[in-house]
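Q: What follows is a predicted protein model with its sequence.
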Amino acid sequence: MGSSGFSFKLADHPKLPKGKTVAVVVLDGWGEAKPDQYNCISVADTPTMDSLKQGAPERWRLVKAHGTAVGLPTEDDMGNSEVGHNALGAGRIYAQGAKLVDLALASGKIYEGEGFKYIKECFENGTLHLIGLLSDGGVHSRLDQLLLLLKGCSEQNAKRIRVHILTDGRDVLDGSSVGFVETLENELAKLRERGVDAQIASGGGRMYVTMDRYENDWDVVKRGWYAQVLGEAPYKFRSAVEAVKKLREEPKASDQYLPPFVIVDENGKPVGPIFDGDAVVTFNFRADRMTMIAQALEYESFDKFDRVRFPKIHYAGMLQYDGELKLPSHYLVSPPEIERTSGEYLVHNGVRTFACSETVKFGHVTFFWNGNRSGYFNSELEEYIEIPSDSGITFNVQPKMKALEIAEKTRDAILSQKFDQVRVNLPNGDMVGHTGDIGATVVACKAADEAVKMILDAIEQVGGIYVVTADHGNAEDMVKRNKTGQPLLDKNGNIQILTSHTLQPVPIAIGGPGLAPGVQFRKDVPNGGLANVAATVMNLHGFEAPSDYEPSLIEVVDN
Ligand SMILES: O=C(O)[C@H](O)COP(=O)(O)O
Ligand SMILES: [Mn+2]
Ligand SMILES: [Mn+2]
């Protein structure tokens with residue numbers, strides 16, 4: 001026990017034993033919805049997940065994965081990987097970035113913090129650059145927050161502002177980028193009327209420009225660097241609306257993958273490269289797809305690509321994206337202080353932990369799970385394995401992704417008996433669902449189901465326990481619907497493909513030969529959400545959860 005009286009020591013569970021291998025499997029983007037042709041999970045052959053469902057209600061149930069249950073501002077906010085895995089790992093509901101930024105903007109506190117003061121030092125003689133995702137998806141950023149920030153910065157005397165946009169089409173409908181750019185242009189025009197020199201300076205699709213994650217493909221960040229910092233891109237336009245409209249005319253074009261472009265003046269000169277003395281804000285609140293660009297903007301010593309020029313700027317993130325690396329060191333809004341996560345507790349109580357996914361989701365079961373903290377709590381007791389993802393492709397061309405490899409590594413970890421917990425993320429339903437390719441998403445769901453089977457078979461062999469759940473919906477609904485649930489058609493009579501996550505609940509199943517007799521889901525937590533899973537898992541390891549955790553979903557009944 002430390003001098004504060006706090007201890008990571010967990011009490012023994014009065015009824016449940018220790019020493020069972022517990023597999024915690026997260027199917028990314030796997031929600032529960034009525035079966036129909038746009039529900040790729042119901043269309044796909046998924047015998048393993050189907051058999052788990054037979055365990056309802058004692059060993060299979062649904063939990064909430066969106067809105068306030070995961071710390072988002074409203075019930076209209078779909079879940080996402082960051083808030084989902086934060087809740088799964090932390091066992092408590094934290095007001096998340098989206099909400100914290102809303103509050104800071106509404107109260108004006110955002111302009112009083114150290115981060116804003118730091119960028120404001122450049123307002124007199126330099127340009128303020130705002131870089132981020134332009135949509136109302138609410139997963140990484142929100143357009144309304146950007147507009148408030150622009151207004152606020154101009155009121156705080158920013159005289160020259162350049163916005164570097166990343167088009168979405170992943171958390172919102174493909175094609176919606178044009179409308180978002182028009183909205184932004186209108187607001188910038190109003191600022192210009194008030195004497196602020198404000199313009200869009202560059203752009204590109206989020207998956208091709210800037211927003212890579214977990215170092216899957218540094219070229220993505222490099223393309224952004226060239227457009228945003230150096231003012232160099234393969235496409236040059238006089239206006240961003242024109243740019244997006246024109247680039248979308250290419251046969252296979254999509255908002256997510258638009259090539260980089262820069263806006264030029266009447267002489268063909270880029271209007272907004274980043275120079276010494278400028279201020280830069282990355283206005284996304286979500287961490288995973290911002291840490292790479294944050295490194296490029298902040299680190300003096302950097303070898304991921306040749307930056308050509310490294311301007312001396314004042315850089316701040318909307319939030320601090322990595323609490324362990326303190327990256328970036330300046331930020332406008334303090335991130336949620338997610339501490340004492342279940343992973344940290346369990347490691348302190350001797351639980352040997354294995355975590356695995358492929359690159360594109362690796363940080364979900366490590367970084368997000370541990371409260372946006374990179375690295376091990378105790379490298380002697382933990383092993384995190386990253387299977388390299390394919391890069392430079394859209395995952396509808398490889399819908400099986402690395403599910404088999406993840407399952408094999410996890411199986412081997414279970415059979416080695418070197419770990420008490422194995423924790424994995426199976427990305428298929430989500431990553432392929434985001435492509436909007438229904439056929440490929442069906443293949444993806446089958447692959448994820450097969451991976452679950454391999455992991456559960458290994459758990460069977462060692463007499464262990466499994467917890468199978470998901471972080472939010474995606475693959476279970478691939479069409480935009482009206483209020484009564486009917487698919488919406490576009491003006492050509494085609495269905496509107498939904499590439500984003502959903503508001504659906506997700507399943508959770510428990511079982512395995514090591515599950516003590518009498519363990520079942522309680523009936524008195526009907527509104528349980530992802531944050532209730534951590535206490536559940538702690539119980540299955542033979543521990544009581546800390547008293548401030550959301551309640552466990554399980555009870556032990558006497559047979
Ligand atoms: O970053 C992404 O890929 C999407 O915006 C959200 O998907 P995720 O929350 O499942 O990562
Ligand atoms: Mn996810
Ligand atoms: Mn997703």
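A: That came through, no problem. Being a predicted model, the structure only gives us computed values, none of them experimental. Ligands and ions are numbered 1, 2, ... in the order given.
Q: which bits of this protein sit near ligand 1?
A: Asp28, Gly29, Asn80, Ser81, Val139, His140, Arg170, Asp171, Arg289, Asp430, His434 (C-beta under 6 Å from any ligand atom). For glycine as for every other residue, the C-beta is placed from the backbone atoms N, C-alpha and C.
Q: need the contact list for the fifth one.
A: Taking C-beta atoms under 8 Å, 6 or more residues apart in numbering, we find Val139 in contact with Met78, Asn80, Glu82, Asp171, Arg286, His501.
Q: nearest to Val264, of the residues you listed?
A: Lowest distance from Val264 to the contacts of Val139 (C-beta to C-beta) belongs to Asp171, with 29.3 Å.
Q: Can you tell me the closest non-neighbouring residue to that closest one?
A: Using C-beta to C-beta, 6 or more residues apart in numbering and skipping the chain neighbours, the partner closest in space to Asp171 is Gly137 (2.8 Å).
Q: host element of the one you found?
A: If you go by DSSP states H and E, Gly137 is not part of any helix or strand.
Q: what's the pLDDT at it?
A: pLDDT recorded at Gly137 is 97.
Q: what about it, distance to ligand 2?
A: Going from Gly137 to ligand 2 by C-beta to the ion, to the nearest Å gives 13 Å.
Q: for ligand 2, what are the nearby residues on the stretch 451-559 of the chain?
A: Applying C-beta under 5 Å from the ion, one finds that the stretch 451-559 of the chain approaches ligand 2 through Asp471.
Q: any idea where the strands of the stretch 451-559 of the chain begin and end?
A: 465-470, 506-511, 519-521, 554-556 (DSSP state E, counting those that start in this stretch).
Q: what stretches of the protein score poorly on pLDDT?
A: Counting by pLDDT under 70, the low-confidence segments of the chain come to 1-3.
Q: got the domain boundaries for it?
A: Split into domains by automatic domain parsing, the chain comes to 22-94+338-495+506-556, 98-333.
Q: Figure out which of those domains is closest to Leu16.
A: Of all those, it is domain 22-94+338-495+506-556 that lies closest to Leu16, at 5.1 Å by C-beta to C-beta.
Q: first to last residue in the closest one, what's the distance?
A: One end of domain 22-94+338-495+506-556 sits 17 Å from the other (C-alpha to C-alpha, to the nearest Å).
Q: so how far is that domain from its chain's centroid?
A: The chain centre lies 13 Å from the centre of domain 22-94+338-495+506-556; the measure is C-alpha atoms, centre = their mean, to the nearest Å.
Q: Next: stretch 283-293.
A: 10 Å.
Q: you'd agree Val262 is in a strand?
A: Yes - judged by DSSP: H, G, I helix; E, B strand; the rest coil, Val262 forms part of a strand.
Q: Contacts only, for it.
A: Ala201, Ser202, Ala227, Gly231, Glu232, Ala233, Tyr235, Lys236, Phe237, Pro270, Val271, Gly272.
Q: That one and Ala279: what is the separation?
A: Distance of Val262 to Ala279, computed by C-beta to C-beta, to the nearest Å: 19 Å.
Q: With Ile293 instead?
A: Applying C-beta to C-beta to Ile293 and Ala279 gives a distance of 15 Å.
Q: Helices along the stretch 51-200 of the chain, start to end?
A: Counting by DSSP state H, counting those that start in this stretch, residue ranges of the helices within the stretch 51-200 of the chain are 81-90, 97-107, 114-120, 143-155, 177-193.
Q: Of those helices, which is nearest ligand 2?
A: helix 81-90 (3.1 Å; C-beta to the ion).
Q: neighbouring contacts of that closest one?
A: By C-beta under 8 Å, 6+ apart, helix 81-90 touches 26, 28, 65, 69-72, 93-94, 96-97, 139, 286-288, 336, 338, 340-343, 361, 364-365, 368-372, 425, 430, 469, 471-472, 529-531, 533-534.
Q: ok, that helix near ligand 2 or not?
A: Yes - residues of helix 81-90 contacting ligand 2 under C-beta under 5 Å from the ion: Ser81.
Q: Any residues of this protein in contact with ligand 2? List them.
A: With the criterion set to C-beta under 5 Å from the ion, the chain comes near ligand 2 through Asp28, Ser81, Asp430, Asp471.
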